[in-house]
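# Predicted coordinates and the sequence they were generated for:
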Amino acid sequence: MDTIALPRSTYSEILKRQERADAAIAKLKERVDELSQEEELLPHVAARLERQSRLLDEGKGIKIKNMKEYRAFVRSL
């Protein structure tokens, strides 16, 4: 495995982006749990979210550059 040198600013930007993505995913999971407890979550929406969760668990993700792309992606599920 080769080592790649990254500038400190680039590395810290990657870490911050990962933290924001993790926080957004945690909020999404929390909201899904709330909706499922209230039984407001439609079955087809729950199936889409479960599919996306499974794909993320398998390591198949997408690159999202900003929150606008993230929101569009979530709506497309």
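All right, it came through fine. No experiment lies behind these values; they were computed from the predicted model shown.

# buried ones in the lengthiest helix in the chain?
If you go by DSSP state H, the chain has its longest helix at helix 8-38. Using 16 or more other C-beta atoms under 10 Å as the test for burial, helix 8-38 gives Val32. Any C-beta I mention is one placed from the backbone N, CA and C, and that applies to glycine too.

# packing partners for it?
Helices and strands touching helix 8-38, as assessed by 3 or more C-beta pairs under 8 Å, 6 or more residues apart in numbering; DSSP states H and E, comprise helix 43-57, helix 67-76.

# can you give me the angle the last one makes with helix 43-57?
Same thing as helix 67-76. Interaxial angle, helix 67-76 versus helix 43-57 (axes from the mean of the first three to the mean of the last three C-alpha atoms, to 10 degrees): 130 degrees.

# rewinding a little: and the longest helix of the chain, how far out from the chain's middle?
Distance of helix 8-38 from the chain centroid (C-alpha atoms, centre = their mean, to the nearest Å) equals 6 Å.

# where's Arg48 relative to Val32, distance?
When distance is defined by C-beta to C-beta, to the nearest Å, Arg48 is 11 Å away from Val32.
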